[in-house]
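**Q** I'll drop the sequence and a predicted model, then ask my questions.
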Amino acid sequence: MSIRTPRIVSTETVLHVTCLLVIATYVAFIDLKGISTDEGIRLAIINGGAAFGFHEPSPHASWSEVLKTISPYAYQPLYYLMQNTLMSVAQTHNVIFFRLVNIFFLWVSLQGLLALSKQWQLVPRLFLIGLFSFNAYLFMHVLQIREYIVAVTFYIWSSWLVLQLDNRTLSRPWADSGWFTAYGLLLGVGFFTQTWVVFPAIGQFLFLITRPRVDRWRFFSHLALSYLVVLSASWTYLQTNRQKVDVGRWGVESSALWPQLSDGFHLAIVGHLDGHSLFTDLLFWFWIILVVGAASLIWNRKFRVDGEVAPQDFKRQGCLMALCIAVSLSFQVGYFYKVENLSVWPRYFVVHYFFLVWLIAMAFHFFYTARKSKRLATWERRGLNALTLIALVVLTGSGAYQTRSYYQDPYLDTGLSRAYTWQTLSDGISATARAHDAVVFHDFVIRSTVTFSQPIPTAAVLLDDLEKLDLQAINRLIYLESGFAEENRNRLADRLSALGFHALHEVAIPTDDGQSTLREWQLLVFSRQ
């Protein structure tokens with residue numbers, strides 16, 4: 001009788017199943033919250049500034065309309081053109097559809113992490129995936145209809161490509177040219193996705209030109225090819241599209257630098273603001289100490305191990321990540337002092353997210369590998385065994401804590417709360433509007449956001465267009481007023497009175513729980529009598 005040996009599950013299978021579990025978690029949270037304010041701007045751009053229709057398929061906004069709508073903003077167009085195209089092809093503007101696109105890029109990011117950690121053992125690779133994926137800050141950026149997760153995907157894959165370029169011996173001319181051309185194309189795609197990618201790209205440039213090489217000038221000529229590709233792809237666009245940040249419009253409040261940096265890095269490392277809880281504050285310092293401890297041993301010539309990865313490779317990768325962080329942070333601090341505090345708003349620290357995660361995971365990988373070294377004393381190996389076990393326990397606790405905290409409060413950095421979302425405003429309008437009414441919005445962003453949350457069955461018009469419209473068949477105009485615009489109410493009443501709508505009464509919008517009404521928004525109903 002033959003005895004069957006059990007089939008051992010391969011490392012790659014375990015990793016891909018883990019990635020699928022990560023994706024499943026994000027899909028489970030995909031409809032957890034309503035649209036945020038920043039998503040409203042993106043949705044307006046995706047739909048070319050038009051209202052979303054009451055019935056699908058959605059209006060077919062052209063690329064030119066998307067580019068025209070984006071022109072006042074300092075956004076790059078690729079993400080919006082992509083979502084616009086997918087919306088037209090799929091014939092849907094469902095919120096889950098838009099967010100699934102972002103989850104797809106999360107999957108691409110995870111594949112990049114697997115490519116970067118290909119030489120690692122299974123446990124450090126699982127640590128990397130868990131640390132990267134189960135973070136409330138990343139939940140927010142993936143599950144909002146914004147372009148940040150696409151930029152994170154760029155950071156991961158461009159880092160992988162830079163490390164590949166760094167290792168090339170330039171012995172195969174055509175293949176070498178292809179690799180450097182590919183890097184240039186990737187830089188171009190990144191640039192057209194988000195302007196922030198410029199700063200990590202500068203860090204990558206500094207890394208490549210400062211590395212010791214045998215044939216330095218030949219390498220530089222190949223690297224020049226990469227930037228020639230970028231310049232060729234973007235020159236015309238740079239000449240015709242001169243979007244700039246609207247200085248003073250957003251970051252007008254004064255603040256100290258250190259609290260902003262502390263909040264930003266706490267978000268990027270532990271998913272929550274500084275002071276959120278004792279656990280997250282301790283977690284922040286635990287990961288910092290882990291990285292500093294690993295770096296001190298890696299750079300200590302007296303500390304010798306015979307692990308799988310040489311300390312030199314840790315230094316190489318660590319320098320790349322540190323340069324990308326340093327260049328981006330230098331811009332943020334410089335902009336803070338020279339212009340305004342917009343650059344250190346919490347959401348923008350996502351530019352550091354991958355690089356910080358990689359440094360922490362690489363520190364764990366170093367300790368995990370070093371613990372097996374026969375050059376170390378028994379007590380040293382036991383200490384490293386204990387440290388890696390503690391790190392795994394801490395990671396498990398962190399992932400559970402952050403997943404639960406996001407599920408309980410998915411409104412981080414949205415400007416919304418449990419009291420109301422854009423859906424609340426849509427419900428309030430739908431409950432008030434009647435046949436032959438028209439709903440008036442202050443700008444196209446609010447119109448697109450409200451109609452996306454729940455398309456309204458009546459006409460949705462802009463305040464600036466009222467004098468251009470035929471209002472004879474309209475009985476009432478319903479204006480959605482935000483709290484900051486109350487001071488303009490008398491001027492608005494005079495304007496609508498001149499159009500024949502003389503009577504005005506205010507309608508309060510109830511909160512989601514029905515226990516009170518919103519103070520931030522109200523409906524002004526203008527009728528003819």
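**A** Nice, thanks for sending it over.

**Q** for the stretch 251-400 of the chain, what spans make up the helices?
**A** 257-270, 278-298, 311-338, 353-370, 378-408 (DSSP state H, counting those that start in this stretch).

**Q** In the stretch 1-150 of the chain, mark out all the helices, start to finish.
**A** 11-28, 37-46, 63-70, 78-90, 95-116, 122-133, 136-143, 148-167.

**Q** ok, of these, where does mean pLDDT dip lowest?
**A** Across the helices of the stretch 1-150 of the chain, the stretch with the lowest average pLDDT is helix 37-46; it has a mean of 86.

**Q** Just the residues contacting that helix, thanks.
**A** With C-beta atoms under 8 Å, 6 or more residues apart in numbering as the test, helix 37-46 has contacts from 35, 52, 61, 66, 69-70, 73, 75, 79-80, 83-84, 87, 98, 144-147, 347, 414-416, 422, 444-449, 452. For glycine as for every other residue, the C-beta is placed from the backbone atoms N, C-alpha and C.

**Q** what's the answer for stretch 274-291, then?
**A** Contacts for stretch 274-291 (C-beta under 8 Å, 6+ apart): 259, 262-263, 265-266, 269-272, 359-360, 363-364, 367, 391, 394, 397-398, 401.

**Q** same thing but at 7 Å, please
**A** 262-263, 266, 269-270, 272, 359-360, 363-364, 391, 394, 398, 401 (C-beta atoms under 7 Å, 6 or more residues apart in numbering).

**Q** And the helices of the stretch 1-150 of the chain: which comes nearest residue 521?
**A** helix 37-46 (12.2 Å; C-beta to C-beta).

**Q** May I have the closest one as PDB, with CA atoms only?
**A** Extracted C-alpha coordinates of helix 37-46, given in PDB (Å, rounded to 0.1, in the frame of the first residue of the first chain):
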ATOM      1  CA  THR A  37     -16.700  66.800   0.000                       C
ATOM      2  CA  ASP A  38     -13.400  66.100  -1.900                       C
ATOM      3  CA  GLU A  39     -15.000  63.300  -3.700                       C
ATOM      4  CA  GLY A  40     -17.700  65.700  -4.900                       C
ATOM      5  CA  ILE A  41     -15.100  67.800  -6.700                       C
ATOM      6  CA  ARG A  42     -13.800  64.600  -8.400                       C
ATOM      7  CA  LEU A  43     -17.200  63.400  -9.400                       C
ATOM      8  CA  ALA A  44     -18.000  66.800 -10.900                       C
ATOM      9  CA  ILE A  45     -14.800  66.700 -13.000                       C
ATOM     10  CA  ILE A  46     -15.500  63.100 -14.000                       C
END
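
**Q** Could you dump the contacts of stretch 274-291 into TSV with distance to residue 127, neighbour count and pLDDT added?
**A** Output for the contacts of stretch 274-291, formatted as TSV (distance: C-beta to C-beta, whole Å; neighbours: other C-beta atoms under 10 Å; pLDDT from 0 to 100):
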residue	distance to residue 127	neighbour count	pLDDT
262	25	15	94
263	26	19	93
266	20	22	96
269	15	27	96
270	15	26	96
272	20	25	93
359	13	24	98
360	9	22	98
363	10	25	96
364	5	25	97
391	7	20	97
394	10	16	98
398	11	23	97
401	16	19	96
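
**Q** Let me have these in JSON lines, extended by distance to residue 279.
**A** Shown next, in JSON lines, are those (distance: C-beta to C-beta, whole Å):
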{"residue": "262", "distance to residue 279": "17"}
{"residue": "263", "distance to residue 279": "17"}
{"residue": "266", "distance to residue 279": "12"}
{"residue": "269", "distance to residue 279": "13"}
{"residue": "270", "distance to residue 279": "9"}
{"residue": "272", "distance to residue 279": "9"}
{"residue": "359", "distance to residue 279": "21"}
{"residue": "360", "distance to residue 279": "17"}
{"residue": "363", "distance to residue 279": "20"}
{"residue": "364", "distance to residue 279": "19"}
{"residue": "391", "distance to residue 279": "15"}
{"residue": "394", "distance to residue 279": "10"}
{"residue": "398", "distance to residue 279": "8"}
{"residue": "401", "distance to residue 279": "6"}
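
**Q** Out of those, the closest to residue 326 would be?
**A** Lowest distance from residue 326 to the contacts of stretch 274-291 (C-beta to C-beta) belongs to residue 359, with 12.2 Å.

**Q** mind checking how far that closest one is from residue 187?
**A** Distance of residue 359 to residue 187, computed by C-beta to C-beta, to the nearest Å: 23 Å.

**Q** per-domain residue ranges of the chain.
**A** Here the domain parsing of the chain from automatic domain parsing is 12-408, 422-527.

**Q** mean pLDDT for the ones you listed: which is lowest?
**A** domain 422-527 (a mean of 87).

**Q** quick one: residue 521 is in a strand?
**A** Yes - under DSSP: H, G, I helix; E, B strand; the rest coil, residue 521 falls within a strand.

**Q** Does it touch residue 482 like I think?
**A** Yes - Residue 521 lies in contact with residue 482 (C-beta atoms under 7 Å); the separation is 5.8 Å.

**Q** Looking at these two, which one has more neighbours?
**A** Between residue 521 and residue 482, counted using other C-beta atoms under 10 Å, residue 521 has the larger neighbour count: 18 against 13.

**Q** which residues of the stretch 401-529 of the chain fall in helices?
**A** 422-432, 444-453, 489-497.

**Q** Could you say which of these is packed most deeply?
**A** helix 444-453 (a mean of 24; mean count of other C-beta atoms under 10 Å).

**Q** Give me the residues contacting that helix.
**A** 34-35, 40-41, 43-44, 47, 49, 51-52, 93, 422-423, 425-426, 429, 441, 460, 462, 480.

**Q** Return the alpha-carbon coordinates of stretch 65-72 using CSV.
**A** Only the C-alpha atoms of stretch 65-72 are listed here, as CSV (Å, rounded to 0.1, in the frame of the first residue of the first chain):
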residue,chain,number,x,y,z
GLU,A,65,-15.6,68.6,-21.1
VAL,A,66,-13.6,66.8,-18.4
LEU,A,67,-10.5,68.8,-19.2
LYS,A,68,-12.5,72.0,-19.3
THR,A,69,-14.0,71.3,-15.8
ILE,A,70,-10.6,70.4,-14.3
SER,A,71,-8.9,73.6,-15.6
PRO,A,72,-9.5,75.7,-12.5
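
**Q** sorry, back to before: mean neighbour count and distance to residue 239 for the helices of the stretch 1-150 of the chain - can I get that in JSON lines?
**A** Putting the helices of the stretch 1-150 of the chain into JSON lines (neighbours: other C-beta atoms under 10 Å; distance: least, C-beta to C-beta, whole Å) gives the following:
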{"stretch": "helix 11-28", "mean neighbour count": "14", "distance to residue 239": "39"}
{"stretch": "helix 37-46", "mean neighbour count": "23", "distance to residue 239": "22"}
{"stretch": "helix 63-70", "mean neighbour count": "17", "distance to residue 239": "15"}
{"stretch": "helix 78-90", "mean neighbour count": "18", "distance to residue 239": "18"}
{"stretch": "helix 95-116", "mean neighbour count": "19", "distance to residue 239": "29"}
{"stretch": "helix 122-133", "mean neighbour count": "20", "distance to residue 239": "38"}
{"stretch": "helix 136-143", "mean neighbour count": "24", "distance to residue 239": "31"}
{"stretch": "helix 148-167", "mean neighbour count": "21", "distance to residue 239": "24"}
